[in-house]
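A.B. asks: heads up, no residue letters with this:
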């Protein structure tokens, strides 16, 4: 086993422990969806700075819908006029009707085109607003990091903020337009059915407005049947979406860890995991397809029956001479329009199910992030503030998991400027979690972390994030790439043993895949040298480097970064010589206790002798300054 592999095996298991224990006991995220919850989140689009464009587009859509209803009423009247003209064989009136129809059709087409355009414009702006709102909350206060630890049930937040946000907003505009159109259509054409359809006599009984009664009974029957058969579709659609998101997440995970999986020959296991994911997706798709077939049966059956039923109902009146052919066709057209309006839920149930499933996932993500905000306001977290001197203070600091389990209990420490402190302890004692609390990444627990005023803190994990793009942009991250001159960037690369990259500042590449593990850790030290923070926090930041590489990087804290406060975690014993002090975490029943060790100037002669021997017999450096193993 290589040294790097051994280090990785011994790596602090805090985050692995968190993944298995971070099941919040007091989390109450509703599994039921209500439109009120979604609207409370999404209605902000019609307020504030976006309110003007939101209301403008909304009113434009309403006006276009009103115009389209007027055109539909004109076409309905045209039906009566045209068929009565045909029945009377009046050529002049027929030709006149054709001219009227061309005008009505032109207005109708223009109205539909305008409605589609302005409706989609409203959808685009609303989706953008909601996505940015979710992303802003996700990135605020490092929620993206905390969600992975404290809310593992929130799968694929990225998918929720993109695809689910789109599905949650776009159909709402369609539904609102459809409902308004359905209401106005039913209101206008009920009068046509009542007045033109008239009453129906059966012996001595007279049924007034029987076309109105018929369309209500028919539509009610369809809607109730749809609700009964289609009710499970929302639950199955949400389950299907969750399975799809998990499948995507697993594929991305394999891509991100391709080298590790290939090196240990894990292809068969990953293949089985993907097969299991696909089996789950397909099984849930089958349930969606099954209930979707029921909905299609009702929808298509309605499309076949709806135009015929009014003709059958009106045939007796036409045959008896109480209704002209033009009136019969007018009533038949009105009947179809009204039943379509009343059966709007039948025609849109599948989309409603898809929308409710996605909207529920968006709401769940938002509620979870809102719970973090509530805990922040209630002070249920570690407080990060400013110290009154130049020291970093840990005061009555207790670090817990998100479910309340104590990792570190009542820690007290003072670290002065320029001190180099190594945190030690057995795996799982909370070392990595402690330094994340010091860096402001970990909120669960209580007590205070007080940092000197205006001090800059830089956290360097074992594997640093390197964005895709130009090398200079990756080096300067998270600053703008024009903050540092080419000379400074090249000099820094050379100091960190990456001189072979000095001519590639403007090359674009996936540097996190192009660079070896050791090169990536050297890259992280380049950022430290460029930014020169007051406090540097290292978490196994030299684990992929050989002894010479580690020495070269850590020697910066005795030269260029000598005034920086250094707090680090590492398992390699060679690290001790670069620190003036160690802090030991010892596991106890009520949480690990923190104790300071003696100063490194008081180390025993045996340790000094061991260090001298390591230096004398240290292997020669590799010709490649970044020659660490990939």
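C.D. replies: Nice, I can see it. What you see is a predicted model; the values in this text were computed from it and never measured.
A.B. asks: contacts, neighbours, all on C-alpha from now
C.D. replies: Noted.
A.B. asks: Could you look up the next helix or strand downstream of the one helix or strand in the chain whose mean pLDDT sits lowest?
C.D. replies: Sorting the helices and strands of the chain by mean pLDDT, DSSP states H and E puts helix 14-21 at the bottom, at a mean of 35. Once the chain leaves helix 14-21, the next helix or strand it forms, by DSSP states H and E, is helix 35-42.
A.B. asks: From the contact counts, what lies against the next helix or strand after that following helix?
C.D. replies: As assigned by DSSP H and E, the chain's next helix or strand after helix 35-42 is helix 51-88. On a contact count with 3 or more Cα pairs under 8 Å, 6 or more residues apart in numbering; DSSP states H and E, helix 51-88 meets helix 91-139, helix 165-197, helix 325-342.
A.B. asks: Show the contacting residues for the residue of the chain most remote from its centre.
C.D. replies: Of all residues in the chain, residue 204 has its C-alpha farthest from the mean position, at 66.5 Å, by Cα atoms, centre = their mean. Contacts for residue 204 (Cα atoms under 8 Å, 6 or more residues apart in numbering) come out as none.
A.B. asks: among the helices and strands packed on helix 51-88, which is the most enclosed?
C.D. replies: helix 325-342 (a mean of 24; mean count of other Cα atoms under 10 Å).
A.B. asks: Packing partners of that helix?
C.D. replies: Using 3+ Cα pairs under 8 Å, 6+ apart: helix 325-342 touches helix 51-88, helix 165-197, helix 210-230, helix 308-320.
A.B. asks: Any idea how far the longest one is from the middle of the chain?
C.D. replies: The reference is to helix 51-88. Remark: helix 51-88 is offset 40 Å from the chain centroid, using Cα atoms, centre = their mean, to the nearest Å.
A.B. asks: Also stretch 441-456?
C.D. replies: Mean-position distance between stretch 441-456 and its chain equals 28 Å (Cα atoms, centre = their mean).
A.B. asks: same thing with stretch 360-373?
C.D. replies: The answer for stretch 360-373 is 11 Å, by Cα atoms, centre = their mean.
A.B. asks: on that earlier part again, same list, the helices and strands packed on helix 51-88, but as TSV with distance to residue 574 and mean pLDDT please.
C.D. replies: Shown next, in TSV, are these (distance: least, Cα to Cα, whole Å; pLDDT from 0 to 100):
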stretch	distance to residue 574	mean pLDDT
helix 91-139	37	89
helix 165-197	50	83
helix 325-342	77	82
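A.B. asks: Next, format these as TSV and append distance to residue 592.
C.D. replies: TSV is the format used below for the helices and strands packed on helix 51-88 (distance: least, Cα to Cα, whole Å):
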stretch	distance to residue 592
helix 91-139	31
helix 165-197	43
helix 325-342	66
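A.B. asks: So which of these is nearest residue 465?
C.D. replies: helix 91-139 (15.6 Å; Cα to Cα).
A.B. asks: Start and end of stretch 136-147, how far apart?
C.D. replies: Taking Cα to Cα, to the nearest Å, stretch 136-147 runs 14 Å from one end to the other.
A.B. asks: contacting residues around that stretch?
C.D. replies: With contacts defined as Cα under 8 Å, 6+ apart, stretch 136-147 is touched by 154, 369, 441, 442.
A.B. asks: pLDDT score for the third one?
C.D. replies: If I follow you right, that is residue 441. Note for residue 441: predicted pLDDT of 76.
A.B. asks: so how many other residues sit close to it?
C.D. replies: As a burial measure, residue 441 scores 17 neighbours (other Cα atoms under 10 Å).
A.B. asks: Nearest residue to it in space, please, no chain neighbours.
C.D. replies: residue 142 (7.1 Å; Cα to Cα, 6 or more residues apart in numbering).
A.B. asks: what's the distance between that neighbour and residue 443?
C.D. replies: To residue 443, residue 142 is 10 Å away according to Cα to Cα.
A.B. asks: Those two - which one has more neighbours?
C.D. replies: residue 443 (24 against 13).
A.B. asks: In this structure that one contacts residue 401, no?
C.D. replies: No. Counting by Cα atoms under 8 Å, residue 401 is not a contact partner of residue 443; they are 9.4 Å apart.
A.B. asks: Give the intersection of the neighbour lists for those two.
C.D. replies: In contact with both residue 443 and residue 401: no residue, using Cα under 8 Å, 6+ apart.
A.B. asks: Show me the shaky parts of this structure.
C.D. replies: Within the chain, the ranges that satisfy pLDDT under 70 run 1-34, 146, 148-153, 203, 345-347, 349-350, 372-380, 402-403, 596-630.
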